[in-house]
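Chemist: Fold the stuff below for me.
(2 chains)
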Number of protein chains: 2
Amino acid sequence: MNYQTLVQNIESKKSLLCVGLDSDIQKIPTHLLKSDDPIFEFNKQIIDATASKTIAYKPNLAFYESLGLAGWKSLEKTMHYLNERYPEIFTIADAKRGDIGNTSKMYAKAFFENMNFDAVTVAPYMGKDSVSPFLEYDNKWVIILALTSNIGAYDFQTTKSDSAQYLFEQVLEKSSTWGTKENTMYVVGATKAEMLTDVRKIVPNHFLLVPGIGAQGGSLEDVLKFGSNADKGLIINSSRGIIYADSSESFADSARKEATEVQIQMSKFF
Amino acid sequence: MNYQTLVQNIESKKSLLCVGLDSDIQKIPTHLLKSDDPIFEFNKQIIDATASKTIAYKPNLAFYESLGLAGWKSLEKTMHYLNERYPEIFTIADAKRGDIGNTSKMYAKAFFENMNFDAVTVAPYMGKDSVSPFLEYDNKWVIILALTSNIGAYDFQTTKSDSAQYLFEQVLEKSSTWGTKENTMYVVGATKAEMLTDVRKIVPNHFLLVPGIGAQGGSLEDVLKFGSNADKGLIINSSRGIIYADSSESFADSARKEATEVQIQMSKFF
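Modeler: Just a heads-up that it's a prediction; the model follows:
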């Protein structure tokens, strides 16, 4: 998906919502366990219930890998369903990959070619040649970890370098020269909303993927206030708050209600 | 596998060699493409040919994921074969994972529980809570990226912080307090062998996983000279130099010869 289409989808839906498909076999409603592929069945119903309020879906790879072959199959089916049924919705492989060039190239193939994701999250620790292979695809995106939503973000990301910059600022500054705002986004946690102003000084025009509202406690209002730009420039993720709103047979309805509520909050900023 | 067993295996084989299973369907001998599972067949023959000279195997996850379901199946079969046939050989999932706690926990399940790897490589960018879930397993290991073998290592890993430490030194110092030398190792590239002295000042007793000899150009002699400690403390990886030594039907023999040659070089340091 290209930049313009993403912006148009956001404008037409008045939504910045990304639903995180952290689909956990231990947490999905138990009546689904009878189906052939409970994780796919769960995803399908969540997707159908929330698609009209959502501009992106973000399967979290770990949850699929933890189920081995069956999990990988559920993920492929989910992506096939999304690509067929909702081609206008942006898809993110939340994989936090990154390795030497010849290896990152293989990850790019896995996510962009085989499963047709629009974007993949990547850790910046190994530098430019670990990210570049993801930038060689037209209309595909790399989403680089900058300032993450977890407590461990303070271990290294917020240590200052000799240039008086925090590590996450260095990452933003340097990596924003590797690609453009048309193929690069950044992860900035909603739990660090007050630092979005600093982020925007370095990357005013790039999209930010913002996890951490909902279960992790970040404020939607602060994210919108400090993080948005002229094109909005935000994809705001909620996972557990939406997909596990309810563990009964009416889970999809509850997810719809939660997604609608979040979208209504977001629409006030349009 | 625990620390003592690993040290004993190294002493008895007089080897520090890890063979990297970067098994690429485009590069394996073409006669294997007729078999049901070419990647597993390739791995099996490489393993049988090199096991007596080898103390560890390291499948590179990207190469399996790039083949989708079939690749995941080849990986599971390879791990099953290693666990059954060569339980004394250390196994590393070269996955470069790392995410918020509840997600890293899922990756730990995938690699330690489902596939019974001894170790998994992890990127440190997200800090302590992204690494801790891997440390909760007895006799399992986390291998944290410190100073990688690629050119991109100079983008962030070697920038200095306000404490006048390089980022990779900060990573070593801080993360070595999260676990112990009995469950934590570090990736340090052979292409940065001259910096192994600095690494050893901070983590004198931890094992180091050293990629970058062979195709990437690092020197085995320098790695041994600057990196070893009383227990040797090194697992030295070669991937392409061994597994793609020859693309004919005699590829396994050639791999055996290469592995033997590397092990003979290593044995001089025992």
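
Chemist: Any idea how many residues pack against the closest residue to A:Glu65 other than its chain neighbours?
Modeler: Leaving aside its chain neighbours, A:Glu65 sits nearest to B:Ala110 (4.2 Å; criterion: Cβ to Cβ, 6 or more residues apart in numbering or on different chains). Yep, even glycine has a C-beta here, placed from its N, CA and C like the rest. Around B:Ala110 there are 25 other residues, counting by other Cβ atoms under 10 Å in any protein chain shown.

Chemist: While we're on B:Ala110, how confident is the model there?
Modeler: B:Ala110 carries a pLDDT value of 97.

Chemist: Packing partners of the one helix or strand A:Lys225 maps to?
Modeler: Under the criterion of DSSP states H and E, A:Lys225 resides in helix A:220-227. Applying 3 or more Cβ pairs under 8 Å, 6 or more residues apart in numbering or on different chains; DSSP states H and E, we find helix A:220-227 packed against helix A:196-202, strand A:207-210, strand A:234-238, helix A:251-267.

Chemist: ok, back up a step: confirm for me that the residue nearest to A:Glu65 is in contact with A:Leu61.
Modeler: No - with contact defined as Cβ atoms under 8 Å, B:Ala110 does not count as touching A:Leu61 (9.4 Å).

Chemist: And whichever residue of the stretch 151-270 of chain A sits closest to chain B, its phi and psi?
Modeler: Across the stretch 151-270 of chain A, the shortest distance to chain B (Cβ to the nearest Cβ) belongs to A:Gly152, at 2.4 Å. In terms of degrees, to the nearest 10, the main-chain angles of A:Gly152 are phi -60, psi -10.

Chemist: need the contact list for it.
Modeler: Contact analysis of A:Gly152 by Cβ atoms under 8 Å, 6 or more residues apart in numbering or on different chains lists B:Ile100, B:Met126, B:Gly127, B:Lys128, B:Asp129, B:Ser130, B:Val131.

Chemist: Same check on A:Glu88?
Modeler: Going by Cβ under 8 Å, 6+ apart, A:Glu88 touches A:Thr5, A:Asn9.

Chemist: again, 10 Å this time
Modeler: Going by Cβ atoms under 10 Å, 6 or more residues apart in numbering or on different chains, A:Glu88 touches A:Met1, A:Thr5, A:Leu6, A:Gln8, A:Asn9, A:Ser12, A:Lys13, A:Ala51, A:Ile55.

Chemist: Dump those residues into TSV; add neighbour count and pLDDT as well.
Modeler: Output for these, formatted as TSV (neighbours: other Cβ atoms under 10 Å in any protein chain shown; pLDDT from 0 to 100):
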residue	neighbour count	pLDDT
A:Met1	17	97
A:Thr5	13	98
A:Leu6	24	98
A:Gln8	12	98
A:Asn9	17	98
A:Ser12	10	97
A:Lys13	20	98
A:Ala51	19	98
A:Ile55	26	98
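
Chemist: With respect to B:Cys18, which of the residues you listed is nearest?
Modeler: Of all the contacts of A:Glu88, B:Cys18 sits closest to A:Met1, with 40.3 Å by Cβ to Cβ.

Chemist: For the stretch 51-200 of chain A, give me the ranges with low pLDDT.
Modeler: Low-confidence segments of the stretch 51-200 of chain A, defined by pLDDT under 70, span residues A:162.

Chemist: Tell me where it has strands.
Modeler: Here the stretch 51-200 of chain A has its strands, by DSSP state E, counting those that start in this stretch, at A:56-59, A:90-97, A:119-122, A:141-147, A:184-188.

Chemist: so which of these gets nearest B:Leu145?
Modeler: strand A:90-97 (12.3 Å).

Chemist: what about that closest one and chain B, any contact?
Modeler: Yes - Strand A:90-97 comes into contact with chain B (Cβ under 10 Å from any Cβ of the partner chain), by way of A:Asp94, A:Ala95, A:Lys96, A:Arg97.

Chemist: Any idea what the last one is bridged to?
Modeler: Which is A:Arg97. A:Val122 (DSSP bridges).

Chemist: Tell me which stretches of the stretch 51-200 of chain A form helices.
Modeler: For the stretch 51-200 of chain A, the helices defined by DSSP state H, counting those that start in this stretch cover A:61-65, A:68-85, A:101-108, A:128-131, A:153-156, A:167-175, A:196-202.

Chemist: Pick the most deeply packed of those.
Modeler: helix A:61-65 (a mean of 26; mean count of other Cβ atoms under 10 Å in any protein chain shown).

Chemist: list the helices and strands that helix packs on?
Modeler: The contact analysis (3 or more Cβ pairs under 10 Å, 6 or more residues apart in numbering or on different chains; DSSP states H and E) places helix A:61-65 against strand A:17-21, helix A:68-85, strand A:90-97, helix B:61-65, strand B:90-97, helix B:101-108.

Chemist: returning to that earlier point: ok, now which ones touch the residue nearest to A:Glu65?
Modeler: A:61-68, A:71, B:61, B:93, B:95, B:97, B:117, B:120.

Chemist: tell me which of those residues is nearest to A:Ile28?
Modeler: Taking the contacts of B:Ala110 together and measuring to A:Ile28 by Cβ to Cβ, the closest member is A:Phe63, at 10.4 Å.

Chemist: Please work out how many residues are found near the residue lying closest to A:Phe269 once chain neighbours are set aside.
Modeler: Nearest residue to A:Phe269, sequence neighbours excluded (Cβ to Cβ, 6+ apart): A:Leu224, at 5.0 Å. Applying other Cβ under 10 Å, we find 20 residues neighbouring A:Leu224.

Chemist: in terms of contact, does A:Leu224 touch A:Lys268 like I think?
Modeler: Yes - using Cβ atoms under 10 Å, A:Leu224 makes contact with A:Lys268 at a distance of 8.6 Å.

Chemist: Close to chain B: what parts of the stretch 151-270 of chain A are there?
Modeler: A:151-168, A:170-171, A:174-175, A:178, A:187, A:189, A:211-212, A:215-216, A:239-240.

Chemist: same thing but 8 Å
Modeler: A:151-157, A:159-164, A:167, A:170-171, A:174, A:216 (Cβ under 8 Å from any Cβ of the partner chain).

Chemist: Great, nothing more from me.
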